[in-house]
Each structure stands twice: as structure tokens, then as C-alpha cells.
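Colleague: Give me a model of this one.
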Amino acid sequence: MPQNPYLNVLITAALTIAFIIVTSYGLGFLARFIARMRGASPKAQEVTFAGYFFASPWIVGFLIFVLVPLGFSLYWSFTDYRVTSPDPAQWLGLDNYKTILFEDEGFRASIINTLYLTVIGLPLQLGVALFLAVLLNQKMRGERIFRMAFYLPVILGFNTAVLLCWRLMLNTGTGIINQIIRAMTEAFPPFGLLSRGVIYVQEVVAAFFLGLNTGKYNLLLKVLEAGFPAENRVPLWIQSPLWTKMSVVLLMVWGCGAMMLIFLAGLNNIPKELHEAAEVDGATGWQRFWKISFPLLTPYIFYNLVVGMISALQIFEPVFVLYRDNQPILSSTISMVYYLWQKSFSHFEIGYGSAISWVILVIIMIVTVIQFRLQDRWVTYDVY
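Modeller: As a prediction, the model looks like this:
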């Protein structure tokens, strides 16, 4: 290859285009040949050729970038493969999986941390998304502006720049979030009492989960002995292991715009005649929501629950950006996918990391299957 980087890029792009063209024609001709062998008409053969020709870039990309890596990952999960070692991969059988499931305390801690993010964060995310959707369904002035504002976090996503901004805002002393809490406490003292109550409950729950990680509950006993927080207490978002997971939960709630739009679409699909008839019968707004809107929203809740559960079990970016360089408290918030990244790309244990990835896949599949099995008990698919 030439040493000129610009020329290298042009050559690589040209070879990529040529590869796409060749594979498209090759897959199209193969599909047409198979159709001809099955006795298809000339028109059906041409349609088959055209369909596979235009679909081949995705098909070939799926084979090269998904199926082939999956195959290598599955093989490496049974080996001791380290990219930094000159030795070839050593076959271990099920040893990696036995270590992960029965001996690796770090992976057990990552499961408990991910469980916290799922059990605490996902219901809050769903609740806030549903609340915003109900508000936006009231046909208020400036509704489009509010929709754009609430959906903007989804567009921004969990990229590094946005997360670094959150890191500054979550600073205990100078962060704008704690400054707002202090200002609201001074302006409205009952808010300070409520804030301290939330802080106390959160720290007790977080200390309990940290005790599950280590098997020791000394921190929980200290929190209980300290009692109700002092008047000047504010959340220690990224400075205390008691608040690291809650800061990630806050980011999950902040990014609930996609769920909100789905709920909003569901609310718009509910016939207005049902609400009008209930209102004539004297039903209050809460009764109309609980007896009419909520049951008809259960398919949308189920969809958001499944997608949100999969997303929560794979959370990585907030943990990586907020706490990667803060080793003393990193262990309090490390997720399963972060632990996978740590083993694979920090310690270069590709075989062990591949085994972790397959364990995570099985966990997600089990949780998803359970959700689908239980949907008949609470999801209403009535035709509107």
C-alpha cells in the first residue's frame, strides 16, 4: 500500500465499492440460479435477482460483521485467548463459564449493580415518560416546543461530550443541580425536608446493594447510625459510592424521550368517544386515566418495558465516562457490559470476555422470554 494516507483512503474506498458490486451481482446470480433450478418463470427469476441484488449489501454485511464475529466469539469463550500473548488460544472447555458463574466476585458485583439500575432506574424512566406523555397530550400552547425539548436528549444520546457536561453539572460543590436544590431549599423550606428524606432513603438502599456486592453491611449500619441527614446535605452524585448508581439512573430518566413518544402515540390512538362517555357518566380525570387510558396503553408499556430492560442490562457509556478515572468508587457502579469491556479491552482477556458476553446474552434472553410469557396476565390487546 502507498504511504500517502489520502491515497490509502481512496484505494480502500474503491476496493470496498468494488467488493459491494461483486458480491451484489454474485448473490443475485446465485439466487436467480436457484430459482431457475426450482422451475420458476423468467419473470420470477428476474424479480428474485433484483431482490437479492439490492438486499445483498445488508446480507453480506450481516454475515461478515455479525455472524462471523459471533462464531469467533463463541469459540474464544471456551479458550484462554489473550491478544497480548504470542501463544495460540488454549482450549479450556467450560472453565471460563464456571469461573464467571461460581468464582468471579467482580462479575457478581456487576450483576447486582446492573440489577439496581434495572429495578430502580427502569420504573422511574417509564413513569416519567408516561407522565410527560400525558402532559403533552393535553393540547397546550407550545406543545411542539415541549416535544422537541423532551426528545432532544434522545438525539444527543450518551456521547462523551454530553456525559462530560453532566459530570460538571453533578459536581457536589459547583454543579448546577445541587445549586438548584440549595436555592429551592432556601426559598421553600419544606422542599429541603423532602430532599433530606429522599437522600436518606436513597443512601439506605444504595448501602444495602453495596452490602450485597461484598457480603458485608458495615456501610449500611453506618448510614442507619448517622440517621436523618443534616439540613445542609445535598446529594454526592459522583463523589460517593452511595450515589454513583443513582447518578446513572438520573441519566436514564433524562433520556426517556423515546419512551415518551411511544406513550404519546398510544394516547393519541385511544378513541375520544370513550373518554367523553366516561365524562358524561361522572368519571373524574384520574378515573378516566386509570380505567380507560392505562389498560389501553399496556401494549405500549410492554414494548417500552422490553426495550428498556434490554437497554438497562447493557448500559455502558455513563459508567465509562463518569467513573472510569475514579477507581475508588468505580466498583460501586460497574455494570455487566463495563465489566465485559474491562476484561476484553483493558486486560486483553479476549477468551474470558467472550464468555462474559455470552452469559450476558443468555441473561437478556431469559429476562425477555419471561416478559413475553407474563404479558398475557396484564397486557390488553383490545381493538380500539
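Colleague: contacting residues for Val162?
Modeller: By CB atoms under 8 Å, 6 or more residues apart in numbering, Val162 lies in contact with Leu156. Where you see a C-beta, it was placed from the backbone N, CA and C, and this is true even at glycine.
Colleague: Where does it sit: helix, strand or coil?
Modeller: Three-state assignment for Val162 (DSSP: H, G, I helix; E, B strand; the rest coil): helix.
Colleague: and if you look at Asp325?
Modeller: At Asp325 the chain is in coil, as set by three-state DSSP.
Colleague: Next, count neighbours for it.
Modeller: By other CB atoms under 10 Å, 7 other residues sit near Asp325.
Colleague: Quick check, pLDDT for it.
Modeller: Looking at Asp325, its pLDDT reads 77.
Colleague: what's the answer for the one 5 residues further on, then?
Modeller: What the model reports for Leu330 is a pLDDT of 81.
Colleague: Tell me who's in contact with the closest residue to it other than its chain neighbours.
Modeller: Once flanking residues are discounted, Leu330 sits nearest to Tyr323: 4.8 Å by CB to CB, 6 or more residues apart in numbering. Contacts of Tyr323 were listed using CB under 8 Å, 6+ apart, and they are 238, 244, 329-330, 333.
Colleague: Most widely separated two among the residues you listed?
Modeller: Spatially, the most separated pair among these is Ile238 and Leu330, at 11.0 Å (CB to CB).
Colleague: Which SSE is immediately downstream of the host helix or strand of Phe19?
Modeller: Following DSSP states H and E, the helix or strand that holds Phe19 is helix 5-37. Scanning forward in sequence from helix 5-37 by DSSP H and E, the next helix or strand is helix 42-62.
Colleague: Show me which residues of that following helix are buried.
Modeller: Burial within helix 42-62, assessed by neighbour count using 16 or more other CB atoms under 10 Å, is assigned to 45, 48-49, 52-53, 56, 60.
Colleague: How far off centre is it?
Modeller: Offset of helix 42-62 from its chain centre (CA atoms, centre = their mean, to the nearest Å): 34 Å.
Colleague: relative orientation of it and helix 5-37 in degrees?
Modeller: 140 degrees (axes from the mean of the first three to the mean of the last three CA atoms, to 10 degrees).
Colleague: could you give me the average pLDDT of helix 42-62?
Modeller: The pLDDT scores in helix 42-62 average 92.
Colleague: How about exporting it as CSV, limited to the C-alpha atoms?
Modeller: C-alpha atoms of helix 42-62 as CSV (Å, rounded to 0.1, in the frame of the first residue of the first chain):
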residue,chain,number,x,y,z
PRO,A,42,-38.3,-16.0,-16.3
LYS,A,43,-40.1,-13.1,-14.7
ALA,A,44,-39.9,-14.6,-11.2
GLN,A,45,-36.1,-15.2,-11.8
GLU,A,46,-35.6,-11.6,-12.7
VAL,A,47,-37.6,-10.5,-9.6
THR,A,48,-35.5,-12.8,-7.4
PHE,A,49,-32.3,-11.4,-8.9
ALA,A,50,-33.4,-7.8,-8.3
GLY,A,51,-34.4,-8.5,-4.8
TYR,A,52,-31.2,-10.2,-3.7
PHE,A,53,-29.1,-7.8,-5.6
PHE,A,54,-30.4,-4.8,-3.7
ALA,A,55,-30.5,-6.7,-0.4
SER,A,56,-27.0,-8.2,-0.7
PRO,A,57,-25.1,-5.3,0.9
TRP,A,58,-27.1,-5.9,4.1
ILE,A,59,-26.9,-9.7,3.8
VAL,A,60,-23.1,-9.7,3.2
GLY,A,61,-22.6,-7.1,5.9
PHE,A,62,-24.6,-9.2,8.4
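Colleague: Now do whichever helix or strand comes after it: which elements does it pack against?
Modeller: In the C-terminal direction, the helix or strand that comes right after helix 42-62 (DSSP H and E) is helix 68-76. Under the contact criterion of 3 or more CB pairs under 8 Å, 6 or more residues apart in numbering; DSSP states H and E, helix 68-76 touches helix 350-374.
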